[in-house]
Structure formats: C-alpha cells, structure tokens
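Colleague: Provided below for reference: sequence and predicted model.
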Amino acid sequence: MLTLSACEKKAEGQVVAVVNGEEVSLQELNAELAGQNIPDSVDKKVLMKEVLQRVIDRKLLVQRAKEQGLDKDPEYLTQRRRLDENLLVGLLGKKAAASVKIPDGPTIDKFIAENPQMFAQRERYSLNQIQFDLPANPQRLSVLQKDKTLDAVAQSLDSLGIKYRRGTAVLDSATTPPAVMAQILKLPAGEPFIIPMNGKVYASVITGQQATPTPSEVARPAATEAIRRRDLAEISTKTLKQARDAAKIQYQPGYEPPAKTGAKGTAAPGAPAAAPGAEGAAAPALPAPEAAPAPAPAAN
C-alpha cells in the first residue's frame with residue numbers, strides 16, 4: 001500500500017519533483033534560493049534547475065541515512081532538537097523585529113545628542129592585546145588582579161601554563177557601551193583591562209587614539225538602526241523575564257547557575273550598540289537571553 005501511495009504522487013502543480021515518493025515543492029525550492037544575491041544576468045530558470053538537483057541529491061542522501069537508522073541515533077536527535085530550538089528563537093526574533101517601529105525625527109535627534117561617543121565624539125583606540133581561552137576554572141585568573149602591564153599578564157599566564165597569542169586590535173567607542181568605555185578609560189595609562197567573551201579572554205592596553213566623528217550622512221541611519229536594536233533588546237529582556245517568572249526550573253545538584261565573577265579591569269556587561277556606518281547589516285534578531293560584554297576586538 002505504501003508503494004502504491006508513493007507511485008500515485010506526481011510532479012505537477014506546486015510539486016516540482018518526486019524523489020522515491022517524497023515530494024519537493026516549489027515553496028521548498030524558493031526557500032533554497034531565498035537570501036541569495038542572484039545577478040540579473042543569471043538565467044533564473046536554469047538556476048532553479050541546478051538548485052533542484054542539489055535538493056534532490058540531499059534528499060537521496062537523507063533517505064540513505066534513514067535506511068541505516070541514523071535518524072534514530074541519539075546524537076542526531078540531540079542536534080535536531082537544538083537546531084529546531086534555534087530556528088524557533090530566530091523566528092520569534094523576526095516577529096519581534098517586525099513590531100519595532102521606525103523612530104521619528106525628534107527621537108533620532110535625541111538619541112544622537114545623548115550618545116556623543118557614537119557620533120560627534122566617536123573615538124577609535126589602538127590596542128596591544130593578549131588573547132587566550134577561558135580556563136575551565138576562571139578563578140585561576142584571579143592572579144591577574146595584581147598585573148599592571150600587559151607583559152605582567154603574559155608572565156602570569158606563563159606561570160599558569162595558559163597558552164596565548166599577542167597582537168594588535170582596535171576598540172571603537174561607537175560599538176562599546178558607554179559604561180564599559182568609561183570604566184576602561186578610568187584605568188591608569190598602560191594598565192590592562194580584561195574582557196571575557198564567548199569562551200575567550202582579551203587582555204588589552206590602549207596605545208593610541210584617533211577622533212573619527214561619524215559623518216552626518218551616516219549618523220541618522222545609524223541612529224535609527226541603533227534605536228531599533230535597543231527597542232528590540234528591551235522586548236527580548238521583557239519576554240525572557242516573563243518566561244522565567246512563569247517557568248518552573250529544577251536543577252540537579254551541581255548544575256545550578258554559576259556565581260558571577262570577574263578579573264581586574266573586566267568591563268561591566270552591556271549590550272553592544274550597532275556600529276555607525278556599518279554596511280550590509282542584517283535585520284535585528286532577538287538578542288541573546290543575557291547581555292554580552294563589550295565586544296573585544298580580535299587580534300590582528
């Protein structure tokens with residue numbers, strides 16, 4: 001009966017192909033093309049045929065994997081759930097972004113006036129930097145509290161047996177939260193500040209600065225985007241708070257949320273603002289549940 005049912009499926013209407021009884025819809029094919037920058041000179045019909053063949057090849061391999069029972073493998077099931085969850089969070093962010101209004105003129109002017117570090121007083125700071133992986137026990141980094149120079153940080157890391165690499169980087173006041181920037185600038189000249197982010201730790205020293213005011217033709221579009229990101233972050237925070245307040249969360253002993261600690265000079269957490277003048281920026285997505293530290297530039 002299953003074989004007969006598969007044979008009855010036909011490639012017609014919104015179905016562009018049938019692969020061993022599995023339909024490939026026109027909607028699925030269009031989804032493969034979505035988001036791609038297709039030059040006007042490309043023959044769209046030929047491109048769709050080529051993309052369809054890739055979809056068919058993928059389905060054939062998926063069917064072979066299922067024949068071998070890989071769709072029942074615990075690793076597959078875990079990764080699939082993770083991908084499904086990320087997709088749903090992304091769709092939630094897309095829905096939230098659609099609800100964020102475009103700010104009016106007075107709101108934009110007020111934002112520009114209240115954030116001079118992003119516009120008229122924007123500065124770019126040259127850095128010497130050490131980058132290393134965050135150790136499993138961050139408390140080991142407490143020895144860095146005493147280090148007053150980047151070389152001293154390097155010596156401490158050597159004594160801890162932590163591998164690192166040195167380089168240069170740039171810190172932009174426009175993309176660093178004002179509270180974080182203020183904390184960094186309070187340090188004595190030459191004293192390092194330390195920022196953990198995404199499993200890495202960045203120890204940096206400011207070696208120079210350059211005034212780079214945002215051009216007027218860029219300022220207003222950048223402010224508009226920054227306001228929308230701020231408003232979206234507020235929606236995210238409110239949504240997550242409501243979800244946590246209503247949730248019942250039980251931890252196995254030993255898996256409770258870790259206590260928050262930080263090394264000397266560590267910047268306070270804060271959501272990074274949109275960089276003025278950034279081109280090709282993606283539409284805002286729902287921010288991460290917890291605000292991230294100021295973005296530490298990767299070493300060159």
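Modeller: Ah, there it is. Numbering: from 1, shown residues only.
Colleague: now do the helix or strand hosting V18, average pLDDT.
Modeller: With elements taken from DSSP states H and E, the one containing V18 is strand 15-19. Computed over strand 15-19, the mean pLDDT rounds to 95.
Colleague: against which helices or strands is it packed?
Modeller: For strand 15-19, the elements it packs on are strand 22-25, helix 26-33, helix 44-67, judged by 3 or more Cβ pairs under 8 Å, 6 or more residues apart in numbering; DSSP states H and E. For every residue, glycine as well, the C-beta is placed using N, CA and C.
Colleague: same thing but at 6 Å, please
Modeller: For strand 15-19, the helices and strands in contact under the criterion 3 or more Cβ pairs under 6 Å, 6 or more residues apart in numbering; DSSP states H and E are strand 22-25.
Colleague: neighbouring strands - and their directions - for the strand it packs on?
Modeller: Take DSSP bridges as the rule and strand 22-25 pairs in its sheet with strand 15-19 (antiparallel).
Colleague: list the buried residues for the strand it pairs with?
Modeller: Buried positions in strand 15-19, judged by neighbour count with 16 or more other Cβ atoms under 10 Å: V16, A17, V18, V19.
Colleague: make TSV from these and add distance to A211 to it.
Modeller: Supplementary listing: the buried residues of strand 15-19 in TSV, determined by distance: Cβ to Cβ, whole Å:
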residue	distance to A211
V16	57
A17	59
V18	63
V19	60
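Colleague: what ranges does the chain have for its strands?
Modeller: 15-19, 22-25, 123-133, 165-172, 193-197, 200-211 (DSSP state E).
Colleague: who are the packing partners of the fifth one?
Modeller: Packed against strand 193-197, as judged by 3+ Cβ pairs under 6 Å, 6+ apart, are the following elements: strand 200-211.
Colleague: what is the mean pLDDT for the strand it packs on?
Modeller: Averaging the model's pLDDT scores along strand 200-211 yields 96.
Colleague: out of the strands of the chain, which gets nearest to P39?
Modeller: When the strands of the chain are compared for distance to P39 using Cβ to Cβ, the nearest one is strand 15-19, at 22.9 Å.
Colleague: please report the distance of I108 from E114.
Modeller: As defined by Cβ to Cβ, to the nearest Å, I108 lies at a distance of 11 Å from E114.
Colleague: the two - which one has more neighbours?
Modeller: Using other Cβ atoms under 10 Å, the more surrounded residue of I108 and E114 is I108, with 19 against 10.
Colleague: quick one: residues contacting that one.
Modeller: With contact set as Cβ atoms under 6 Å, 6 or more residues apart in numbering, I108 has these partners: R220, A223, T224.
Colleague: who touches the strand holding V18?
Modeller: Counting contacts by Cβ under 6 Å, 6+ apart, the residues outside strand 15-19 that touch it are K9, A11, E23, V24, S25, L26, L29, I56, K59.
Colleague: make it 8 Å
Modeller: 9-11, 23-26, 29, 52, 55-56, 59-60, 63 (Cβ atoms under 8 Å, 6 or more residues apart in numbering).
Colleague: of those, closest to G190?
Modeller: Out of these, the member with the shortest distance to G190 (by Cβ to Cβ) is V55, at 57.7 Å.
Colleague: as a whole number, average confidence for the longest helix anywhere in the chain?
Modeller: Counting residues, the longest helix in the chain under DSSP state H turns out to be helix 216-246. On average, the pLDDT along helix 216-246 is 94.
Colleague: just to revisit the earlier point, report the buried members of the contacts of strand 15-19.
Modeller: Under a neighbour-count criterion of 16+ other Cβ under 10 Å, the subset of those counted as buried comprises V24, L29, L52, V55, I56, K59.
Colleague: I'd guessed the first one sits against V55; true?
Modeller: This points to V24. Yes: distance between V24 and V55: 5.7 Å, which falls inside the contact criterion (Cβ atoms under 8 Å).
Colleague: all helices for the stretch 51-200 of the chain, in order.
Modeller: Under the criterion DSSP state H, counting those that start in this stretch, helices of the stretch 51-200 of the chain are mapped to 74-99, 105-114, 150-160, 178-185.
Colleague: relative to E234, which of those is closest?
Modeller: Of all the helices of the stretch 51-200 of the chain, it is helix 74-99 that lies closest to E234, at 10.2 Å by Cβ to Cβ.
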